[in-house]
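Student: sequence and predicted model, in that order:
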Amino acid sequence: MLNYWIGMAAICAFAMAGVLAAGRRGMDIIALLFMGVITAVGGGTLRDLLLGVPVFWMIDFNYVWVASAASLAAFALARHLRDETVWAAILYLDAFGIALFGVQSIDKALAHGFAAPVAIVMATITGIGGGLIRDVLAQRENLLSSREIYATTIITGGMLYTFLLAQGGASHGASLCGVAFTFAFRGLAIHFGWQMPKWLTLRH
Amino acid sequence: MLNYWIGMAAICAFAMAGVLAAGRRGMDIIALLFMGVITAVGGGTLRDLLLGVPVFWMIDFNYVWVASAASLAAFALARHLRDETVWAAILYLDAFGIALFGVQSIDKALAHGFAAPVAIVMATITGIGGGLIRDVLAQRENLLSSREIYATTIITGGMLYTFLLAQGGASHGASLCGVAFTFAFRGLAIHFGWQMPKWLTLRH
Amino acid sequence: MLNYWIGMAAICAFAMAGVLAAGRRGMDIIALLFMGVITAVGGGTLRDLLLGVPVFWMIDFNYVWVASAASLAAFALARHLRDETVWAAILYLDAFGIALFGVQSIDKALAHGFAAPVAIVMATITGIGGGLIRDVLAQRENLLSSREIYATTIITGGMLYTFLLAQGGASHGASLCGVAFTFAFRGLAIHFGWQMPKWLTLRH
């Protein structure tokens, strides 16, 4: 139950970040609503289609209501949300969201009988899918063109989590470790502006 | 049965509008065929994947044959189709298509046990999905970057339709109202060149 | 069994071609890994989602391991792979891949009860889907904007193969013919730099 409400808060952060990132002068409210909702639920939608299970927001539409409300709020308050402290708060809540949904996606994939590496891919798609679809629709440069440390935190956090599960560790403790590690890694990357080192980028 | 043939006519309009919108000098016939067919059946494909039901054109390939024939006709007649009256006819037929497929999509979603709001989202995705995929593949500005009144007509028409159904109105009468409202709203938007008002667009 | 290993070699070619085509100076290793893997398995993923069957790499993750290894190799060796003879080898292996996966996709679609034209569409999507998704994510011009003879070879090869199957020809012989025809057609198009003739392109 607590997880559910934390998840909703993260959905808000995803949607607001989506509206603020994609919003351009002159874009109308319906388009912004789409951008916000797609950013928030797009990744989980891809995950559920790939897993062959019912799409989460089609069963519990509250996810879309919350994402819609957050998008409309971001539209109304756009000027204030561009304030640096507010934007930082959204970034850290987004970081918490990818950490939480990453672990949840791994649980979902494992519960449906998929192997651990598949589960980690599902966590990654859940975390980055919504933003990728948004950027494609908004004709913006996406995550894959930047050297930001984002997917890397989900993948390493997922590896840690599935490793702990495989060691037979208590599932609750493993969840906590997985979420904490991903959140801490991503949080540090935000705080220090970490980027992929030069030698891990294409130079020719 | 009548619905089936009207639907095929709308598929023609979608495909032709797709070819004419995406077609650029030098694009070859196979690419145009893809653009036309994707515009025509893309939205319904997304809807069926999300609903978890067999994709409509994979069961009845006539949709693809008709969309292909319309695309090839649009290729051959491209010069004449850019005539203003012909283009207007295609726009209005497209308006009728989104109205008809919107109501059909809502019926399909409700019949599979989804809630009314989910059904309205399905109608919207059916109406705009094909055009969005086409514009992404053609690297064009898409619907979300314009202030055109398009998705709004599907959403409001869908709200009216599901409201009438919930009132226990005769399903046939409700269908007619839903299609007529969406078509009229979109038709007026085309005729008068309506756009989203400035105060409903992002200004910063 | 032989098919399996040939398929893995083709997956390597897809992934390497993906990394080399999408890779831009400054793109990091994780992004390149994504580009390579998506190019390699994206088309088959779309096919399996449309067919409503489990996604092939989620059942046998070896496809992703192989695509990942090939992508990392392409990253490490990028400078040498741009050598003309190496690039030509990758192009021909890619040609073999679309031929082989085309026939396999047709078999898969027919085995699930879909009609021959649907099966040919599945072969085409398998062949071009991964590259399209990659180009959309990399904001590059895609196959549909060029006049290259690519999808045409899969469609005609698929028509030949399904025709031979319908004639009751031995399925093994038909497979060989289908793969050989597609590979030869695409190979000739690469060798001679064939393009769609001018009269089959949009001129206005």
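Tutor: Thanks, I have it.
Student: which other helices and strands contact the helix or strand bottoming out on mean pLDDT in chain A?
Tutor: Within chain A, no helix or strand scores below helix A:78-81, which has a mean of 78 by mean pLDDT, DSSP states H and E. Judged by 3 or more C-beta pairs under 8 Å, 6 or more residues apart in numbering or on different chains; DSSP states H and E, helix A:78-81 is in contact with helix A:2-22, helix A:84-111. The way it works is simple: take the backbone N, C-alpha and C, and place the C-beta from them, glycine included.
Student: which among those is found nearest to chain C?
Tutor: Closest approach to chain C among those is made by helix A:84-111 (8.6 Å; C-beta to the nearest C-beta).
Student: how distant is that closest one from the center of its chain?
Tutor: Centroid separation between helix A:84-111 and its chain, computed with C-alpha atoms, centre = their mean, to the nearest Å, is 5 Å.
Student: quick revisit: B:Ala119: which of the helices and strands packed on helix A:78-81 is closest?
Tutor: helix A:2-22 (21.3 Å; C-beta to C-beta).
Student: the closest one vs chain B: in contact?
Tutor: No. Remark: helix A:2-22 sits outside contact range of chain B, by C-beta under 8 Å from any C-beta of the partner chain, the gap being at least 8.6 Å.
Student: how about that helix: buried residues?
Tutor: The neighbour-count check on helix A:2-22 (16 or more other C-beta atoms under 10 Å in any protein chain shown) flags A:7, A:10-22 as buried.
Student: mind giving me the packing neighbours of whichever helix or strand comes after that helix?
Tutor: Where DSSP states H and E defines the elements, the next helix or strand beyond helix A:2-22 is helix A:29-51. Here helix A:29-51 is seen to pack against helix A:2-22, helix A:56-59, helix A:62-76, helix A:84-111, helix A:116-137, helix B:29-51, helix B:151-166, helix C:29-51 when contacts are counted using 3+ C-beta pairs under 8 Å, 6+ apart.
Student: mean pLDDT lowest for which of these?
Tutor: With a mean of 87, helix A:2-22 has the lowest mean pLDDT of the helices and strands packed on helix A:29-51.
Student: and for it, what are the contacting residues?
Tutor: A:32, A:35-41, A:62-63, A:66-71, A:73-75, A:78, A:81-82, A:87, A:90-91, A:93-94, A:96-97, A:100-101, A:104, A:130-131, A:134-135, A:137-138, A:140 (C-beta atoms under 8 Å, 6 or more residues apart in numbering or on different chains).
Student: among those residues, name the buried ones.
Tutor: Among the contacts of helix A:2-22, those scoring as buried are A:32, A:35-41, A:63, A:66-68, A:70-71, A:73-75, A:78, A:81, A:90-91, A:93-94, A:96-97, A:100-101, A:104, A:130-131, A:134-135, A:137-138 (criterion: 16+ other C-beta under 10 Å).
Student: find the nearest non-adjacent residue to A:Trp102, please.
Tutor: Actually, residue A:102 is Gly rather than Trp. A:Ala123 (3.9 Å; C-beta to C-beta, 6 or more residues apart in numbering or on different chains).
Student: tally of neighbours for that neighbour?
Tutor: Counted with other C-beta atoms under 10 Å in any protein chain shown, residues neighbouring A:Ala123 total 32.
Student: quick one: secondary structure of A:Glu141?
Tutor: Classification of A:Glu141 using DSSP: H, G, I helix; E, B strand; the rest coil returns coil.
Student: distance of it relative to A:Leu132?
Tutor: 11 Å (C-beta to C-beta, to the nearest Å).
Student: of the two, which one has the most company?
Tutor: Using other C-beta under 10 Å, the more surrounded residue of A:Glu141 and A:Leu132 is A:Leu132, with 21 against 10.
Student: for the residue nearest to the more buried one when sequence neighbours are not counted, what are phi and psi?
Tutor: Once flanking residues are discounted, A:Leu132 sits nearest to A:Asn142: 5.4 Å by C-beta to C-beta, 6+ apart. Backbone geometry at A:Asn142, expressed as degrees, to the nearest 10, gives phi -110, psi 180.
Student: kindly state the pLDDT recorded for A:Asn142?
Tutor: Looking at A:Asn142, the pLDDT reads 89.
Student: near chain B, which residues of chain A?
Tutor: Counting by C-beta under 8 Å from any C-beta, chain A sits next to chain B at A:23-32, A:34-35, A:45, A:49, A:54-55, A:57-58, A:61, A:64, A:75, A:78-79, A:82, A:136-139.
Student: can I get the buried part of the residues you listed as one ChimeraX selection?
Tutor: Selecting only the buried members of those in ChimeraX, with burial defined as 16+ other C-beta under 10 Å, works like this:
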select /A:23,27,28,29,30,31,32,34,35,45,49,55,57,58,61,64,75,78,136,137,138,139
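Student: do I have it right that A:Ala196 meets A:Arg147?
Tutor: Slight slip there: residue A:196 is Met, not Ala. Yes. A:Met196 lies in contact with A:Arg147 (C-beta atoms under 8 Å); the separation is 4.3 Å.
Student: overlap in contacts, these two.
Tutor: Looking at what touches both A:Met196 and A:Arg147 (by C-beta under 8 Å, 6+ apart), the common residues are C:Asp28.
Student: contacting residues around A:Arg24?
Tutor: Counting by C-beta under 8 Å, 6+ apart, A:Arg24 has contacts A:Ala138, B:Ser145, B:Leu202.
Student: what about it, distance to A:Ala31?
Tutor: 10 Å.
Student: please apply the same query to A:Ala40.
Tutor: Taking C-beta to C-beta, one finds A:Ala40 at 15 Å from A:Ala31.
Student: A:Ala76 now?
Tutor: 15 Å.
Student: who touches stretch A:157-164?
Tutor: Outside stretch A:157-164, the residues that touch it by C-beta under 8 Å, 6+ apart are A:99, A:102-103, A:106, A:110, A:116, A:119-120, A:123-124, A:173-175, A:177-179, A:181-182, A:185.
Student: and it, what's buried?
Tutor: In terms of neighbour count (16+ other C-beta under 10 Å), stretch A:157-164 has its buried residues at A:Gly157, A:Gly158, A:Met159, A:Leu160, A:Tyr161, A:Thr162, A:Leu164.
Student: what do you get for stretch A:147-158?
Tutor: A:Arg147, A:Glu148, A:Ile149, A:Tyr150, A:Ala151, A:Thr152, A:Thr153, A:Ile154, A:Ile155, A:Thr156, A:Gly157, A:Gly158.
Student: also stretch A:192-200?
Tutor: A:Trp194, A:Met196.
Student: how far does that stretch stretch from start to finish?
Tutor: End-to-end distance of stretch A:192-200: 19 Å, with C-alpha to C-alpha, to the nearest Å as the criterion.
Student: coming back round to it: assess the claim that the residue nearest to A:Leu132 and C:Val136 are in contact.
Tutor: No. Using C-beta under 8 Å, A:Asn142 is not in contact with C:Val136, being 9.7 Å away.
Student: any shared contact partners between the two?
Tutor: Contacts common to A:Asn142 and C:Val136, judged by C-beta under 8 Å, 6+ apart, are A:Val136.
Student: wait, A:Gly26 sits on B:Lys198?
Tutor: No. Using C-beta under 8 Å, A:Gly26 is not in contact with B:Lys198, being 9.0 Å away.
Student: tell me which parts of chain A are close to chain C?
Tutor: Going by C-beta under 8 Å from any C-beta, the residues of chain A near chain C are A:49-52, A:114-115, A:117-118, A:121, A:132, A:136, A:139, A:141-145, A:147, A:151-152, A:155, A:196, A:200-204.
Student: redo the helices and strands packed on helix A:29-51 as JSON lines? Include distance to C:Ile190.
Tutor: Putting those into JSON lines (distance: least, C-beta to C-beta, whole Å) gives the following:
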{"stretch": "helix A:2-22", "distance to C:Ile190": "39"}
{"stretch": "helix A:56-59", "distance to C:Ile190": "44"}
{"stretch": "helix A:62-76", "distance to C:Ile190": "46"}
{"stretch": "helix A:84-111", "distance to C:Ile190": "39"}
{"stretch": "helix A:116-137", "distance to C:Ile190": "29"}
{"stretch": "helix B:29-51", "distance to C:Ile190": "17"}
{"stretch": "helix B:151-166", "distance to C:Ile190": "43"}
{"stretch": "helix C:29-51", "distance to C:Ile190": "17"}
